[in-house]
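Visitor: Kindly return the folded structure for what I paste below:
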Amino acid sequence: MEDPRLIKQRTIRVLIVLLSVVAVYHLSFYLSTLIYPFLIGLFIAVIINPIVNFFELKFNIHRGLSVLLSLFLGFSLFALLTTLLIYELIAGSTYLAKAIPPHINSLTLIIEEHISYTLMPTYNLLASEFNNLDISYQKTIIENLKKFGENFSSSLGTIVEDTFKSIPLIISKIPNYATVVIVSLLSTFFISKDWNKFKLLFYRHTPEGIQQKLKHVTKNLKHALMGFIKAQLILISMTGFIVLIGLLILQVEHPFTIAIAISLVDLLPYLGTGLVFVPWILYSFFTGNVGIGIGLSILYMIVIIQRQIAEPKVLSSNIGLDPLATLLALFVGFKLIGLSGLIIGPIVLVFFKALYQAHVFKDIWRFIMNGRTRESNKAIRTP
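Guide: Model prediction:
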């Protein structure tokens, strides 16, 4: 039987670990609400650091100038891609502006014919049945319909009112957004400019064991982040390529513009490509373009199947997770916190994997059992 004092000490250490985790979580959340522009700046600085190092070491450019050059190139590339995308979307929108009105007119005629030949006889039948009802039943039905109309009008009015009320609020926040952008860019510059100083300061004031663990965790998280971005680019590229080929086969006009739009929509969790395909398919069937409707339906099913099959595999191969674990993280994240969980779930899994590979959990267990964080003279092994 174990010593009661030892059990008591272990229980105290378990409480210390739990309280430390809760305190760190709440403190991190609170601080993030205060200094989030600087966190954004740190994130951008980490992303551009390899480019800054390249300019500084390869061309012997001062680090401050290297940071400015890297930021300029990054924003220039972003502006160029945005301009090309907007140009293509404008060309497609111009075509749609000419093509949509005739389609709307034809859809209106179809709806009118449907009402004339299908709904009107049904309405007449219901009206005759209504007239045959007892007067008390007629009054009840009329009152319920009136209440429904009033509730619907009230709800619709509330939605419209809230929408218009939110416009001044959004406009009033524009200065705040501008301030966040400016502070984030300035913090990016200063953090990246003094990157080596911060590293030296960190090495001087941090124990070697913690340094090794933080290096390991940071390396894994950086690899996972870049892998996640790469995975999303691969997935939307696959979607765009499949959609482009399908639209070319169906001989749809402006297939490139539509493929780009669907690829961008594919980034939206849960909604995805259905936001474009479903209305398009229904419209095609309503307007009598059965061939296009069937073709789009087949293309939509191919895109969905491809996405469901490829997403766990692409994510797992790029962020270093098991496909089953990735699928589980996606599902659990969605169930717990909704659409954002599809992104946060794999990130949390990567974070815990990085902690596991850095033997952080072993150190915690060793602290609980023995009161020590590591065995003497035992180096961290990189898996």
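Visitor: where exactly do the helices run in this structure?
Guide: Per DSSP state H, the chain carries helices over the ranges 4-58, 63-114, 120-131, 135-172, 174-193, 195-205, 208-249, 255-265, 274-286, 290-319, 323-337, 341-357, 360-370.
Visitor: Let's have the ones you listed in JSON lines, adding mean neighbour count.
Guide: All C-beta spots, glycine's among them, are computed from the backbone N, C-alpha and C. JSON lines is the format used below for the helices of the chain (neighbours: other C-beta atoms under 10 Å):
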{"stretch": "helix 4-58", "mean neighbour count": "13"}
{"stretch": "helix 63-114", "mean neighbour count": "13"}
{"stretch": "helix 120-131", "mean neighbour count": "10"}
{"stretch": "helix 135-172", "mean neighbour count": "10"}
{"stretch": "helix 174-193", "mean neighbour count": "15"}
{"stretch": "helix 195-205", "mean neighbour count": "11"}
{"stretch": "helix 208-249", "mean neighbour count": "17"}
{"stretch": "helix 255-265", "mean neighbour count": "19"}
{"stretch": "helix 274-286", "mean neighbour count": "16"}
{"stretch": "helix 290-319", "mean neighbour count": "17"}
{"stretch": "helix 323-337", "mean neighbour count": "16"}
{"stretch": "helix 341-357", "mean neighbour count": "18"}
{"stretch": "helix 360-370", "mean neighbour count": "15"}
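Visitor: Now render those as a markdown table, adding mean pLDDT.
Guide: Shown next, in a markdown table, are those (pLDDT from 0 to 100):
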| stretch | mean pLDDT |
| --- | --- |
| helix 4-58 | 87 |
| helix 63-114 | 75 |
| helix 120-131 | 68 |
| helix 135-172 | 72 |
| helix 174-193 | 86 |
| helix 195-205 | 83 |
| helix 208-249 | 82 |
| helix 255-265 | 82 |
| helix 274-286 | 82 |
| helix 290-319 | 84 |
| helix 323-337 | 76 |
| helix 341-357 | 77 |
| helix 360-370 | 82 |
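Visitor: residues in contact with stretch 319-334?
Guide: 220, 223-224, 227-228, 231, 269-270, 311-313, 315-316, 340-346, 348-350, 353 (C-beta atoms under 8 Å, 6 or more residues apart in numbering).
Visitor: separation between the closest residue in space to residue 246 that isn't next to it in sequence and residue 248?
Guide: Nearest non-adjacent residue to residue 246, counting by C-beta to C-beta, 6 or more residues apart in numbering: residue 299, 3.8 Å away. Distance from residue 299 to residue 248, counting by C-beta to C-beta, to the nearest Å: 11 Å.
Visitor: and residue 157, how far is that from residue 175?
Guide: Per C-beta to C-beta, residue 157 is found 31 Å from residue 175.
Visitor: for residue 206, that is, sorry about that
Guide: 39 Å.
Visitor: And for residue 86?
Guide: Between residue 86 and residue 175 the computed distance is 25 Å (C-beta to C-beta).
Visitor: cool, and residue 235?
Guide: 36 Å.
Visitor: same thing with residue 139?
Guide: 57 Å.
Visitor: Name the nearest residue to residue 244, ignoring sequence neighbours.
Guide: residue 259 (4.0 Å).
Visitor: what residues are up against that neighbour?
Guide: Going by C-beta under 8 Å, 6+ apart, residue 259 touches 240-241, 243-244, 247.
Visitor: What is the nearest of these to residue 151?
Guide: Nearest to residue 151 among the contacts of residue 259: residue 243, at 41.4 Å, using C-beta to C-beta.
Visitor: Which residue is the nearest non-sequential neighbour of the closest one?
Guide: That would be residue 259: by C-beta to C-beta, 6+ apart, it lies 4.5 Å from residue 243.
Visitor: Would you mind measuring from the one you found to residue 314?
Guide: Taken as C-beta to C-beta, the span from residue 259 to residue 314 is 19 Å.
Visitor: ditto for residue 219
Guide: As defined by C-beta to C-beta, residue 219 lies at a distance of 21 Å from residue 314.
Visitor: same question, residue 65
Guide: 38 Å.
Visitor: before we move on, what about residue 246?
Guide: The value you get for residue 246 to residue 314, if C-beta to C-beta is used, is 20 Å.
Visitor: repeat for residue 77
Guide: Distance, residue 77 to residue 314, using C-beta to C-beta: 24 Å.
Visitor: Equivalent analysis for residue 273, please.
Guide: Distance, residue 273 to residue 314, by C-beta to C-beta: 16 Å.
Visitor: for residue 362, same thing?
Guide: 31 Å.
Visitor: ok now do residue 278, which residues does it touch?
Guide: residue 300.
Visitor: Number the chain from 458, please
Guide: Understood, numbering begins at 458; the last thing we discussed is residue 735.
Visitor: Quickly note the distance from it to residue 695.
Guide: 20 Å.
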